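Colleague: Predicted model and sequence follow; I will ask about them next.
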Amino acid sequence: MDKPKLIKLSDGNAIPQLGLGVWQADNHQVVKAIHHALDTGYRLFDTAAIYHNEEGVGKALKQITVPRDELFITTKLWNNDQTHARGAVLESLQRLQLDYIDLYLMHWPVPSRELYVEAWKQMIILQKEGLVKSIGVCNFKEEHLERIITETGVTPVINQIEIHPLMQQAPLRAWNTTHNIVTESWSPLAQGGDGVFEQPVIQKLAEKYHKTPAQIVLRWHLDSGLVVIPKSVTPSRIEENFHIFDFKLEKEEVAAITILDQKKRLGPDPDIFVDIS
Ligand code: NDP
């Protein structure tokens with residue numbers, strides 16, 4: 001079966017280049033989606049404490065026979081837990097019914113609270129303890145990354161940020177690459193539309209390769225060197241989003257999608273996002 005390649009992280013671990021995101025899926029949906037995704041070939045699953053579905057992820061993983069070391073489970077430290085990462089990770093582990101998490105990400109920097117450096121220091125300890133194999137961040141801009149690296153000497157292995165054809169974040173991606181940080185795209189399908197699938201260039205490529213617009217967009221992420229985690233709870237879409245390893249976009253085709261960038265965020269600006277619910 002065609003499958004995603006493994007992307008090497010700077011700490012020596014490796015992450016599948018494509019996985020399943022589960023934001024906005026409830027516990028019941030998640031169990032079904034993960035079973036279907038595993039049967040399809042997915043091994044990377046991206047959840048978060050704030051998604052309130054870690055129990056569902058844990059339940060599904062408990063029911064399967066895929067060896068633990070073939071799975072790659074990501075969860076995230078919520079903003080309100082930045083002062084007590086250890087307690088937060090222990091709770092996540094319990095809900096996930098796991099002994100360790102493959103990738104633990106700080107969910108947002110929340111710069112106005114001035115806690116993210118402290119939280120990063122705690123995450124470094126969690127990695128040393130073996131509770132988490134790799135540590136990274138989400139939604140960090142250059143200045144936030146610069147601070148945690150300078151103040152701790154430890155560089156996150158991944159920066160998970162909003163990326164889709166209308167919001168491409170080229171300068172931040174370049175910064176990540178220069179610092180050996182893998183970029184992972186969230187909302188890679190622009191949450192299922194926002195006009196992306198209707199773009200003529202994407203329609204044309206879909207016709208050329210006999211693929212759907214969503215498959216073209218996901219292939220653009222892969223061919224741009226990004227790790228990607230499309231979310232779906234729909235069995236046919238879970239399959240569709242995975243069946244993209246039998247073709248590849250030409251360099252000029254990647255470039256033709258790259259010029260669609262409108263710097264249009266669907267999510268909040270990390271500099272001002274302060275949800276501490
Ligand atoms: P996506 O861009 O993955 O889009 C998901 C939406 O698109 C859902 O409504 C889904 O519907 C629909 N969809 C999925 N596949 C297809 C398809 N082939 N054709 C048409 N529609 C489709 O958005 P997300 O915001 O969910 O991002 C993906 C993941 O990234 C999240 O689930 C989460 O894990 C992570 N994330 C991280 C954030 C962070 O701050 N770190 C922020 C946001 C997301 P349906 O499910 O009904 O099939």
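Modeller: Cool, the structure landed.
Colleague: show me the contacts for the residue of the chain found nearest the ligand.
Modeller: Closest to the ligand within the chain is residue 21: 2.4 Å, counting by CB to the nearest ligand atom. C-beta: built from backbone N, CA, C; applies to glycine. Residue 21 makes contacts with 46, 186, 229-231, as judged by CB atoms under 8 Å, 6 or more residues apart in numbering.
Colleague: next one: residue 263
Modeller: Neighbours of residue 263 in contact, by CB under 8 Å, 6+ apart: 167-168.
Colleague: Equivalent analysis for residue 105, please.
Modeller: So residue 105 contacts 48, 74-77, 135-138, 158, 160 (CB under 8 Å, 6+ apart).
Colleague: for residue 224, same thing?
Modeller: 254, 258.
Colleague: Now do it, the pLDDT please.
Modeller: Per-residue confidence (pLDDT) for residue 224: 98.
Colleague: That one and residue 174, how far apart?
Modeller: Per CB to CB, to the nearest Å, residue 224 is found 12 Å from residue 174.
Colleague: Repeat that for residue 55.
Modeller: Relative to residue 174, residue 55 is positioned 38 Å away (CB to CB).
Colleague: Name the residue in those two with the higher neighbour count.
Modeller: Between residue 55 and residue 174, residue 55 has the larger neighbour count (other CB atoms under 10 Å), namely 16 against 12.
Colleague: just checking, the more buried one is part of a helix?
Modeller: Yes. Judged by DSSP: H, G, I helix; E, B strand; the rest coil, residue 55 forms part of a helix.
Colleague: Can you verify my assumption that it contacts residue 92?
Modeller: No. Using CB atoms under 8 Å as the test, residue 55 is too far from residue 92 to be in contact (10.4 Å).
Colleague: So which residues on the stretch 1-150 of the chain come close to the ligand?
Modeller: Residues of the stretch 1-150 of the chain lying close to the ligand (CB under 6 Å from any ligand atom) are 21-23, 46, 107, 138-139.
Colleague: Distance to residue 198 and pLDDT added to the residues you listed, as CSV?
Modeller: Putting those into CSV (distance: CB to CB, whole Å; pLDDT from 0 to 100) gives the following:
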residue, distance to residue 198, pLDDT
21, 22, 98
22, 26, 98
23, 24, 98
46, 27, 98
107, 31, 98
138, 28, 98
139, 28, 98
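Colleague: Can you turn the buried subset of the residues you listed into a selection I can paste into ChimeraX?
Modeller: The ChimeraX command for the buried members of these (criterion: 16 or more other CB atoms under 10 Å) is given here:
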select :21,22,46,107,138,139
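Colleague: Just flag the most distant two among the residues of the stretch 1-150 of the chain next to the ligand.
Modeller: Largest separation among those by CB to CB: 22 and 139, giving 17.7 Å.
Colleague: anything in stretch 166-177 near the ligand?
Modeller: No. Stretch 166-177 lies out of reach of the ligand by CB under 6 Å from any ligand atom, never closer than 10.8 Å.
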